[in-house]
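> build me a model:
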Amino acid sequence: MSNIIILTSEELGCAYSIDNEGTLFYTPMYEEGRVDTEDWCEVDFMSMLGEEESIRNEVNRIEEELITLNKAVGWYYQNK
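Below is the predicted model of the structure:
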């Protein structure tokens, strides 16, 4: 991930980003708010089905916002 937009969630303690095809990634935030931009993991939406609705809603909100931001700068290409 070279050019990236990162959104953080204090509630979830993670930073999120997407690639140009819309795959959502996360990395943990450290106490001082620092994130390791070399250590991204793909969000597993199937495993999130067991999470609380508020957590799923927050992740979905972040994903939608990242798509909007990445489209605005021309880094997101939807194949539909």
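
> got the phi and psi for the residue positioned nearest the centre of the chain?
The centre of the chain sits closest to residue 16, judged by Cα atoms, centre = their mean, with a distance of 2.8 Å. Residue 16 adopts backbone torsions of phi -130, psi 150, taken as degrees, to the nearest 10.

> check contacts around it.
Contact partners of residue 16, counting by Cβ atoms under 8 Å, 6 or more residues apart in numbering, are 6, 7, 8, 9, 24, 25, 26, 43, 59, 62, 63, 66. Using the backbone N, CA and C atoms, a C-beta is placed for each residue, glycine as well.

> filter these down to the buried ones, ChimeraX style.
Those of those that count as buried under 16 or more other Cβ atoms under 10 Å are selected in ChimeraX with:
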select :9,24,25,26,43,59,62,63,66
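
> pretty sure residue 66 is touching residue 5, no?
Yes - counting by Cβ atoms under 8 Å, residue 66 touches residue 5, with 6.2 Å between them.

> between these two, what contacts are shared?
With Cβ under 8 Å, 6+ apart, residue 66 and residue 5 have common neighbours 17, 18.

> other residues contacting stretch 46-66?
Applying Cβ under 8 Å, 6+ apart, the contact partners of stretch 46-66 are 5, 7, 9, 11, 12, 16, 17, 18, 24, 43.
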